[in-house]
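Student: what's the 3D shape of this:
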Amino acid sequence: MVFKVTYLLKNGEKKASLIDAGDETSAAKAFAGEGFVVSVEKEETPENLSGRPGGVFNFFRRPDDFNLMLFTKELSTLLKAGLTMPESLEIIEAHIGNKMLKTAVAGIKKDIVSGISFSQALKSHPEAFPELFARCVAGGESSSNLTGVLDILAQNLKNSHQMKSKMINITLYPLVIISITFCVFAFLLLYVVPSFEAVFYEIRIEIPPHTRLLFFISGMIKKHYAKIAAGVVFLAAAAFFGGFIRAAGRRAVKILRVFPVVCGLIDNYYLFVFSGMLSSLLRSAAPALESFSVSLFALNDIVAQHKRDAAMETLKTGGSFSNAVAALELSDEVMARMCAVGERSGKISDMIDMINDYYLQSLQNSIERISEVLEPVIIFITGIFIAALILSVFLPIIKITMGGI
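Tutor: Next up is the predicted model:
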């Protein structure tokens, strides 16, 4: 659990810090040597945000990468112009459109005025700022190059927003086709198929097994469609408000990585984020170990904890970047090989920039290929289902007609 500890220094200055501890007592003891502990408050984390009133709706109000990119770029510009952090945040807060981000910026400004660092203040608002964002800012603060990190972070957020938009466009098309197909099927099963069923039983013709199955499904839906709709709504609401959707979202990456085509796309995206963060921190003159540790957080969903620990141990014991990346056992070995080349040439930062560009281009190419393949496949599958339904109804009629001839 994360706690916010407020304490007074010997010179009377009031400070606050965040710490991960088992309980309030342990958190207070950690800062007992710094000064007099005034208060210990439990901080909200992404896992328990859904437990507070209205928290389940945070998904719909959370700022996206584009909002964060605008915030980051403007903050960097204002700081370069010579304004202080509170002054810069006050100017940005005045015209932010996203309400959650606006509230978070106001809270961060108050935290900074009370003596908390910018990165610690960001960690106090995980509903608006991802942990990776706060970790990168902390790296910029430690290297005394915050504006440089903010500029690079803004560019990474812009690239990430573009990639996510393209991925959403890929999934949006099949979802629209599937929705239209579902509506057509529902209309046919509720209004068209029952009419044919009445005619067939009236003229007493032999009905094929697949047509009988279609009539059975149509009858069940028509008889219980209200209960079915209510059940679907109830289950969806229970899943949403019960936190099951949030839990499923955290496991979605592991589920989708079972499919080879999607696995490559997902891995490339996370490696793109990882290399972008690592590049930005190294260029800000942050220590190599700290830069790798912060960037490694981007791979939490695709790399197991023990592999990340092994990679960090490799660097801590004097190993190279290439060996640390190899310890991650990534599905794509390109990064490890290119890091080795960069180390031999003495230009590891430039090589990681190239790695980031490589994964960016790879993502764009993968998205274009999937988009080209997905459209005809969806149309083909939809056509098969509609053809099967229509033939199930019309084959008996065709049989009667030919028999009559």
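Student: drop to CA atoms for contacts and neighbour counts, all remaining ones
Tutor: Noted.
Student: quick one: residues contacting Lys158.
Tutor: 65-66, 69 (C-alpha atoms under 8 Å, 6 or more residues apart in numbering).
Student: give the contact list for Phe71.
Tutor: Phe71 neighbours (C-alpha under 8 Å, 6+ apart): Ile92.
Student: in a strand, Thr6, correct?
Tutor: Yes. When DSSP: H, G, I helix; E, B strand; the rest coil is applied, Thr6 is found to be in a strand.
Student: pLDDT on the strand or helix carrying Lys164, on average?
Tutor: Per DSSP states H and E: Lys164 is located in helix 146-187. For helix 146-187, the mean pLDDT works out to 80.
Student: so how far is it from its chain's centroid?
Tutor: 11 Å (C-alpha atoms, centre = their mean, to the nearest Å).
Student: name the helices or strands packed onto the next helix-or-strand element following that helix?
Tutor: As assigned by DSSP H and E, the chain's next helix or strand after helix 146-187 is helix 193-203. Contacts defined by 3 or more C-alpha pairs under 8 Å, 6 or more residues apart in numbering; DSSP states H and E place helix 193-203 against helix 209-241.
Student: now do the helix it packs on and helix 193-203, the angle between them.
Tutor: Interaxial angle of helix 209-241 relative to helix 193-203 (axes from the mean of the first three to the mean of the last three C-alpha atoms, to 10 degrees): 150 degrees.
Student: now helix 209-241 against helix 146-187, angle please.
Tutor: 140 degrees.
Student: neighbours of Met220, how many?
Tutor: 13 (other C-alpha atoms under 10 Å).
Student: check the secondary structure at Glu41 for me.
Tutor: strand.
Student: got any ranges where the chain has weak pLDDT?
Tutor: 1-5, 7-23, 26-38, 42-61, 236-261, 400, 402-405 (pLDDT under 70).
Student: do that again at 90, thanks
Tutor: Applying pLDDT under 90 to the chain flags residues 1-70, 80-82, 93-104, 111, 113-117, 119-405.
Student: before we move on, the earlier item: take the contacts of Lys158 and keep only those in helices.
Tutor: 65-66, 69 (DSSP state H).
Student: let's have the residues you listed in TSV, adding neighbour count.
Tutor: Shown next, in TSV, are the ones in helices among the contacts of Lys158 (neighbours: other C-alpha atoms under 10 Å):
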residue	neighbour count
Asp65	20
Phe66	16
Met69	23
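Student: as TSV, those residues with distance to Pro208 would be great.
Tutor: Shown next, in TSV, are the ones in helices among the contacts of Lys158 (distance: C-alpha to C-alpha, whole Å):
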residue	distance to Pro208
Asp65	55
Phe66	56
Met69	61
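Student: follow-up on the earlier one: pick the one among the contacts of Lys158 closest to Ala229.
Tutor: Among the contacts of Lys158, Asp65 lies closest to Ala229 (C-alpha to C-alpha), at 35.1 Å.
Student: any idea how far Leu83 is from Thr181?
Tutor: Leu83 sits at a distance of 56 Å from Thr181 (criterion: C-alpha to C-alpha, to the nearest Å).
Student: more crowded one of those two?
Tutor: Thr181 (16 against 13).
Student: residues contacting the more buried one?
Tutor: Per C-alpha under 8 Å, 6+ apart, neighbours of Thr181: Thr382.
Student: mind running it again at 10 Å?
Tutor: 175, 187, 382-383, 385-386 (C-alpha atoms under 10 Å, 6 or more residues apart in numbering).
Student: could you do Phe216 as well?
Tutor: So Phe216 contacts 194, 197, 210, 222 (C-alpha under 10 Å, 6+ apart).
Student: number of nearby residues for the first one?
Tutor: Yep, that's Pro194 we're talking about. Around Pro194 there are 18 other residues, counting by other C-alpha under 10 Å.
Student: could you do Thr6 as well?
Tutor: 22.
Student: ditto for Leu146
Tutor: If you count neighbours by other C-alpha under 10 Å, Leu146 ends up with 20.
Student: just how off-centre is the helix or strand harbouring Phe394 within its chain?
Tutor: Applying DSSP H and E as the criterion places Phe394 in helix 348-404. Taking C-alpha atoms, centre = their mean, one finds helix 348-404 lying 24 Å from the centre of the chain it belongs to.
Student: returning to that earlier point: any chance of CSV for the contacts of Thr181, columns neighbour count and distance to Glu313?
Tutor: CSV is the format used below for the contacts of Thr181 (neighbours: other C-alpha atoms under 10 Å; distance: C-alpha to C-alpha, whole Å):
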residue, neighbour count, distance to Glu313
Leu175, 13, 44
Phe187, 12, 61
Thr382, 17, 51
Gly383, 13, 55
Phe385, 13, 54
Ile386, 15, 57
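Student: farthest pair within these?
Tutor: Top of the distance list for the contacts of Thr181 (C-alpha to C-alpha): Leu175 and Phe187, 18.3 Å.
Student: export the contacts of Phe216 as a markdown table, with columns for distance to Asp111.
Tutor: Compiled in a markdown table, the contacts of Phe216 are given as follows (distance: C-alpha to C-alpha, whole Å):
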| residue | distance to Asp111 |
| --- | --- |
| Pro194 | 66 |
| Glu197 | 70 |
| His210 | 68 |
| Lys222 | 59 |
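Student: and these, which two are furthest apart?
Tutor: Going by C-alpha to C-alpha, the pair spanning these furthest: His210 and Lys222, at 18.4 Å.
Student: phi and psi next, for Ile116.
Tutor: phi -90, psi 140 (degrees, to the nearest 10).
Student: tell me how many other residues surround it.
Tutor: Here the count is done by other C-alpha under 10 Å, and Ile116 has 20 residues near it.
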